[in-house]
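**Q** Kindly generate the corresponding structure for this input.
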Amino acid sequence: MTDPSQVDVRVILTPPRNPLRMLISPLGWRAVLYCATAIAVGLSALLAAIVGFFMLPLVAWATANVERARVVLLGLPRLTPLPRSGVRHPWDTQGFGEGNLAVWGLTVLFGLLDLVPGLALSALVLGTGQWAWFRISTRSLTMDTVWAVVMFLVVLIIGLYIGWALAAAQATLVDQQLRPYSELSRKVDELRESRRELVDVFAQERRRIERDLHDGAQQHLVLLSLHLGEAEYALDQGKTAEAKQALAAAQASVEAAMTALRETVRGIHPQILSDRGLAAAVHELASRQPVAVDVVVSGDAEPGEAVSLAAYYLVSEAFTNANKHSRATRYRVELQLSDPLELEVFDDGVGGARIVPGHGLSGLMERAQAVGGQCWLTSPIGGPTHLRAVFPNPAPGLPTDLR
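**A** As a prediction, the model looks like this:
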C-alpha cells in the first residue's frame, strides 16, 4: 500500500502539456468521473443537512469519510485509515472534528460548482458529437465534416481540462484538510501495533533467557552440587585422591556455569557494544559465524545506546535466520556511521525469507521503528537476501526526530 504521507498530490494531478494527449490521458477521464460523483455526493450532503439539520455532525462525518475514499478516482491513494471512532449519536459535535465540517462545506460547494459547467459541457459534447457522427456517416469528406470533427475534439478537450481544473482544486483542498488527521491516525495505529509487537518480543526474550538459564547454567550448577556431594563422601571415607578429583570436576562445573551465564548476559546486552561501539560489536558478531562474513564500516558517528542495540540485534537476527534457512556461503555487512545510520546485510543463499508477525525479524523491525528507524527486506526465491535499515543518528546534544 502506498504511504499517503509520501504522496505529492500536485505531481499526480499534473496534466499533459500537449492538449491532444489529454484525450488519452487517464487523468482527464478520471477527473470527469470525479466531478460527476462530486455532483451526486455534494447534492446528497446538502439535502441530508437540510432535511436533518440537527444531524449535521453525522452528515459531516459521513461526507468526510466518503471524500477520503473518493480521491482514488483521481489515482490518489486513499486517505487512510478512516476514523475508527464515529459519532456517538447523530448530533454529537465530535462529528465536526478532524476537518469534517470544512470538507462537508467543500463537497457541497464543488457539487454546486460542478453542476452548471457539467450540464453545459455534456450538452455541447453530445451536440457536437452527434453532428460529427452525422457528417461522418454521410461518408463525404467535406469541409463541414472536418469542421464537425474538429469542433467535437476541441469541445471534448476543453471539457476534459475544465473537469481536471475542478477536480484538482477540490481534491487538493480536501487533501489539505484531511491529510494531517489521516497521518496522525496512521501513526497512532503504527504505535499501537508496535507496542503489541514489542510486548511479544519481550515475552519471547524472557522465554529465551529462561531456556538458556535452564539448559546452560542450571545444568552446570546441578553437576556442581553432585561433585561437591561426591567430594564430601570421599572425604568421609578418607579417600583424598577421589575427593580431589571430585573438587576438580566441581571447579570445572563452576567455570562452565560462568561461561554459560556470560553467554546469556551477552545475549541480553553485549558488553563489547558498550566498551568499543557498534562497529566492533558487529565485527565480533561476524567472527562467530560459521561462514565467511565481509564487514565494511564507514563513518565515525557513533550512535546512542538504543540505536546501537537495535542495529546490533538486527544484524544478529539476520545472521541467525541465514544460518538456519539460507544455505548461504558468504555474508556481507555494510555499516555507515552517519546521520542517518545505514545498515545493510546481504547473503548469497536461496532466498525466500519473509517477515512473519510475532517472529524474529518482525519483532526486531518493530524495535527499530520504536527508535525512529525503518527496515526493508528483499528476498526473492533463489536469492540473494538483502536486509536494509536506516536509523536516525543525530550528533550528540541534538534531539532525535522520531517521525
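**Q** From S44, how far off is S122?
**A** 20 Å (CB to CB, to the nearest Å). Backbone N, C-alpha and C define where each C-beta goes, glycine included.
**Q** So if I had to pick from these two, which one is more boxed in?
**A** S44 (17 against 13; other CB atoms under 10 Å).
**Q** any idea which helix or strand carries the more buried one?
**A** Here S44 sits within helix 26-51, counting by DSSP states H and E.
**Q** Which positions in that helix come out as buried?
**A** By 16 or more other CB atoms under 10 Å, the buried positions in helix 26-51 come out as 27-32, 34-39, 41-46, 48-49.
**Q** and what of stretch 157-168?
**A** In stretch 157-168, counting by 16+ other CB under 10 Å, buried: I157, G159, L160, I162, G163, W164, L166, A167, A168.
**Q** same deal with stretch 287-300?
**A** Across stretch 287-300, burial judged by 16+ other CB under 10 Å covers V291, V293, V295, V297.
**Q** Identify the residues contacting A243.
**A** Contact analysis of A243 by CB atoms under 8 Å, 6 or more residues apart in numbering lists E230, A231, A234, L235.
**Q** So which of these belong to helices?
**A** For those, the ones inside helices are E230, A231, A234, L235, with DSSP state H as the criterion.
**Q** Can you check the pLDDT for the third one?
**A** Which is A234. Looking at A234, its pLDDT is 84.
**Q** Please list all residues in contact with it.
**A** T240, E242, A243, A246.
**Q** One more pass at 7 Å, please.
**A** E242, A243, A246 (CB atoms under 7 Å, 6 or more residues apart in numbering).
**Q** For the stretch 1-150 of the chain, give me the ranges with low pLDDT.
**A** 1-8, 80-89 (pLDDT under 70).
**Q** so where do the helices sit in it?
**A** With helices called from DSSP state H, counting those that start in this stretch, the stretch 1-150 of the chain shows them at 9-12, 26-51, 56-70, 100-137, 143-212.
**Q** And the stretch 201-350 of the chain, by the same measure?
**A** 218-236, 240-268, 271-276, 278-287, 305-321.
**Q** angle of the helix holding S44 against helix 56-70?
**A** 170 degrees (axes from the mean of the first three to the mean of the last three CA atoms, to 10 degrees).
**Q** Looks like L124 contacts V155 (just checking).
**A** Yes - counting by CB atoms under 7 Å, L124 does reach V155; the two are 4.9 Å apart.
**Q** What are the phi and psi values at the residue nearest to F319 when sequence neighbours are not counted?
**A** Nearest in space to F319, with sequence neighbours left out and distances taken as CB to CB, 6 or more residues apart in numbering, is Q289 at 5.6 Å. With angles defined as degrees, to the nearest 10, Q289 sits at phi -90, psi 150.
**Q** can you list the weak-confidence ranges in the stretch 201-350 of the chain?
**A** 201-205, 208, 211-212, 214-216, 260, 263-269.
**Q** Cool, thanks, signing off.
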